[in-house]
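Q: Structure for this input, please:
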Amino acid sequence: MSADFKFSVYSIGFDEHYVPAENTRLTTNFANLARGERRQENLRNTLKMINNRFNTLAHWDNLTGDRYSVELEIISAAIELDGQGADQSLPLIEVLKTNIIDHHKNEKIDGVVGNSFSSYVRDYDFSVLLLEHNKNQPGFNTPEGFGELHGKLFKSFVSSSAYRENFKKQPLICLSVSSTKTYQRTENQHPVLGYEYLQDEYSLTDEYFDKMGLAVRYFMPANSVAPLAFYFSGDLLADYSDLELIGTISTMDTFQKIYRPEIYNANSPAGKHYQPSLSHEDYSLTRIVYDREERSRLAIEQGQFVEEKLIKPYQSTLEQWVKRFAA
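A: A predicted model of the protein is given here:
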């Protein structure tokens, strides 16, 4: 593998006709929705929920609540190994890109890339390496250098020409808050993001994303029932427009209602002092089918895939590259 990785970027539309490509990470949440007998119904209802949420938040000059719709693209980043060319590249990262359609002005507004985030190396770190490391140990801890390779691969991709040629702004990633941490609501209220929450301590995911060069803030938008975790570089409140932020919120609030209804489709909103729980029983289910057990199983399989194709065969080269990158 060369000292400087070469990345390639390709995209596919995420609509009711979406079918996962053969090289798609099957643990990717949107791929999970697109399988099974109810795949088209799942996709149609998901997109309807996103559009309704967007128009609720973008309520100004939107009397009938149907001014906007959101188009989504699945963005895949691959890394080329040994100069073999894009056809032999290894899929690395998948994210979502939002595009906002303003039906009043009949124009498309560029949204942000990021939103959901999935990664083969992250699967390896959390579903293979971390489990193996803690298998025969009392307590729980992370192996030395945990997340370093993934973080530097992400930074390398975001600073690459492939990224710069396709995207105008840095990624904005939005995930669930941690079910192992406690959050305290502040009086800081953003007109779009809502009330800010502060955390008692960082979660393992927060620390992992910190190694990717991303800070985190937690906000609960209007009509949400739990705060979301926003991962970003730069200035979250200044770098993105209101519509860009609403695109991310409407997309990820919808996905979280499907994936984690115990938290994001709970029947009571988070209070000033909030502890998320996946064992919470007072919640509602959406009509959208999601196989959480399958996702956990596939995460292990795909972590083993990247171990076989990347981690083991290129171990010494990767270790040297990480040291050079740090220097």
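Q: And the helices in the stretch 151-300 of the chain?
A: Ranges of helices within the stretch 151-300 of the chain are 161-166, 204-210, 236-239, 242-259, 261-264, 292-306, based on DSSP state H, counting those that start in this stretch.
Q: pLDDT on the third one, on average?
A: Okay, so that is helix 236-239. Per-residue pLDDT over helix 236-239 has a mean of 97.
Q: One more: the first one?
A: Looking at helix 161-166 alone, the average pLDDT works out to 94.
Q: Show me what that helix is packed against.
A: For helix 161-166, the elements it packs on are strand 6-14, strand 68-80, judged by 3 or more Cβ pairs under 8 Å, 6 or more residues apart in numbering; DSSP states H and E. Yep, even glycine has a C-beta here, placed from its N, CA and C like the rest.
Q: For the residue lying closest to Gly151 once chain neighbours are set aside, grab the count of nearby residues.
A: Using Cβ to Cβ, 6 or more residues apart in numbering and skipping the chain neighbours, the partner closest in space to Gly151 is Lys211 (3.2 Å). Per other Cβ atoms under 10 Å, the neighbour tally for Lys211 reads 17.
Q: cool, the one 10 residues further on as well?
A: By other Cβ under 10 Å, 21 other residues sit near Pro221.
Q: Repeat that for Tyr240.
A: Number of residues near Tyr240 (other Cβ under 10 Å) recorded here: 23.
Q: Show me the shaky parts of the protein.
A: Scanning the chain for pLDDT under 70 picks out 1-4, 20-37, 81-88, 289-296, 327.
Q: could you redo the last one with a cut-off of 80?
A: For the chain, the stretches with pLDDT under 80 are 1-5, 17-39, 81-89, 137, 288-299, 325-327.
Q: picking up where we left off before, wait, which of the helices of the stretch 151-300 of the chain is closest to Asp61?
A: Proximity to Asp61 (Cβ to Cβ) singles out helix 242-259 among the helices of the stretch 151-300 of the chain, at 11.8 Å.
Q: Tell me which other helices or strands that closest one touches.
A: Packed against helix 242-259 by the contact rule (3+ Cβ pairs under 8 Å, 6+ apart) you find helix 29-33, helix 39-57, strand 68-80, strand 90-102, strand 107-119, strand 172-176, strand 228-232, helix 261-264.
Q: Mean neighbour count and distance to Phe146 added to these, as JSON lines?
A: Shown next, in JSON lines, are the helices and strands packed on helix 242-259 (neighbours: other Cβ atoms under 10 Å; distance: least, Cβ to Cβ, whole Å):
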{"stretch": "helix 29-33", "mean neighbour count": "22", "distance to Phe146": "23"}
{"stretch": "helix 39-57", "mean neighbour count": "19", "distance to Phe146": "33"}
{"stretch": "strand 68-80", "mean neighbour count": "21", "distance to Phe146": "20"}
{"stretch": "strand 90-102", "mean neighbour count": "21", "distance to Phe146": "18"}
{"stretch": "strand 107-119", "mean neighbour count": "20", "distance to Phe146": "14"}
{"stretch": "strand 172-176", "mean neighbour count": "22", "distance to Phe146": "18"}
{"stretch": "strand 228-232", "mean neighbour count": "23", "distance to Phe146": "17"}
{"stretch": "helix 261-264", "mean neighbour count": "20", "distance to Phe146": "25"}
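Q: I'd like to know how far the closest residue in space to Phe219 that isn't next to it in sequence sits from Phe117.
A: Closest residue in space to Phe219, ignoring its immediate chain neighbours: Leu193 at 3.8 Å, by Cβ to Cβ, 6+ apart. Separation of Leu193 from Phe117 (Cβ to Cβ, to the nearest Å): 18 Å.
Q: list the contacts for Leu243?
A: Listed by Cβ atoms under 8 Å, 6 or more residues apart in numbering, the contact set of Leu243 reads 58, 68, 100, 109, 111.
Q: I figured the second one hits Lys105, correct?
A: What it means is Tyr68. No - assessed by Cβ atoms under 8 Å, Tyr68 is found out of contact with Lys105, at 10.3 Å.
Q: what's stretch 139-154 in contact with?
A: With Cβ under 8 Å, 6+ apart as the test, stretch 139-154 has contacts from 5, 79, 92-93, 119, 121-122, 125, 129-130, 133-134, 204, 207-208, 210-213, 318, 321-322, 325-326.
Q: ok, 7 Å please
A: 92, 119, 121-122, 125, 129-130, 133-134, 208, 211-212, 318, 322, 325 (Cβ atoms under 7 Å, 6 or more residues apart in numbering).
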